[in-house]
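Asker: okay, sequence plus prediction incoming.
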Amino acid sequence: MTVHIATNGHLSLWCMQRTLVLIKPDGLQRRLAGEIITRLERKGLSLVGIKMLQMDDQAIADHYKHLSTRPFFPEIAAFMKSAPIIATCWAGVEAIATVRILCGATNGRTAIPGTIRGDLAMSVQANVVHASETPEAAEEEIRRFFAPTELFEYPDKGLTLIYSPSEGSGRT
Ligand code: TYD
């Protein structure tokens with residue numbers, strides 16, 4: 001099990017799991033970036049990286065390589081480069097699974113209300129956000145979008161109000 005807290009028992013961003021969230025072209029153009037970031041902040045995740053960029057063919061091919069043989073791949077590629085995206089990196093205890101739950105199912109029409117897609121999307125493709133699915137994917141995706149110097153570790157005093165001291169250590 002991943003140890004999320006420092007050995008001295010102080011909750012620390014340094015030791016927490018990280019995940020990537022992309023606000024897709026539809027999210028940006030529908031002026032939902034603030035709403036999405038606010039939802040992740042209010043949940044208690046810590047923002048450790050953020051940037052705006054436009055994906056190129058190579059980045060899209062790498063990012064969606066698991067879908068490259070699917071008939072809808074050209075449509076996703078065109079959509080993802082149609083406008084800029086906002087790449088964000090978040091830290092938290094079990095951040096990857098937590099963020100996937102917050103995002104909801106891929107299809108916005110059937111995503112559960114209360115989730116980002118369930119509340120804000122009506123489409124499979126234009127589903128507002130991408131979030132890393134596994135620890136391996138998160139590591140690869142964060143490296144794809146952020147240089148090490150673009151990710152920040154800082155003393156996050158809010159963590160003591162968000163977690164118990166032992167949370168994530170395997171003792172809870
Ligand atoms: P996928 O990795 O299956 O879903 P998720 O984003 O929930 O992890 O698919 C990646 C993206 O590909 C998805 O967010 C939207 C797009 N997509 C389609 O456009 N049509 C489809 O039939 C599927 C499965 C995905």
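Answerer: That came through fine. Numbering: from 1, shown residues only.
Asker: which residues touch the residue most central in space within the chain?
Answerer: Centroid check for the chain by Cα atoms, centre = their mean gives V21 as the closest residue, at 2.3 Å. By Cβ atoms under 8 Å, 6 or more residues apart in numbering, the contact list for V21 reads 36, 40, 87-90, 99, 103, 129-132. Any C-beta I mention is one placed from the backbone N, CA and C, and that applies to glycine too.
Asker: again, only this time at 6 Å
Answerer: The neighbours of V21, taking Cβ atoms under 6 Å, 6 or more residues apart in numbering as the test, are 88, 129, 131.
Asker: pull out the buried members of these.
Answerer: Among the contacts of V21, the ones that count as buried by 16 or more other Cβ atoms under 10 Å are 88, 129, 131.
Asker: gap between the second one and A91?
Answerer: Taking Cβ to Cβ, to the nearest Å as the measure, V129 and A91 are separated by 17 Å.
Asker: tell me the mean pLDDT for stretch 67-84?
Answerer: Taken as a whole, stretch 67-84 has a mean pLDDT of 98.
Asker: repeat that for stretch 105-117.
Answerer: Taken as a whole, stretch 105-117 has an average pLDDT of 98.
Asker: buried residues in that stretch?
Answerer: Under the neighbour-count criterion of 16+ other Cβ under 10 Å, stretch 105-117 has 105, 108, 111, 115-117 buried.
Asker: and it, how far from the chain's centre?
Answerer: Stretch 105-117 sits 15 Å away from the centroid of its parent chain (Cα atoms, centre = their mean, to the nearest Å).
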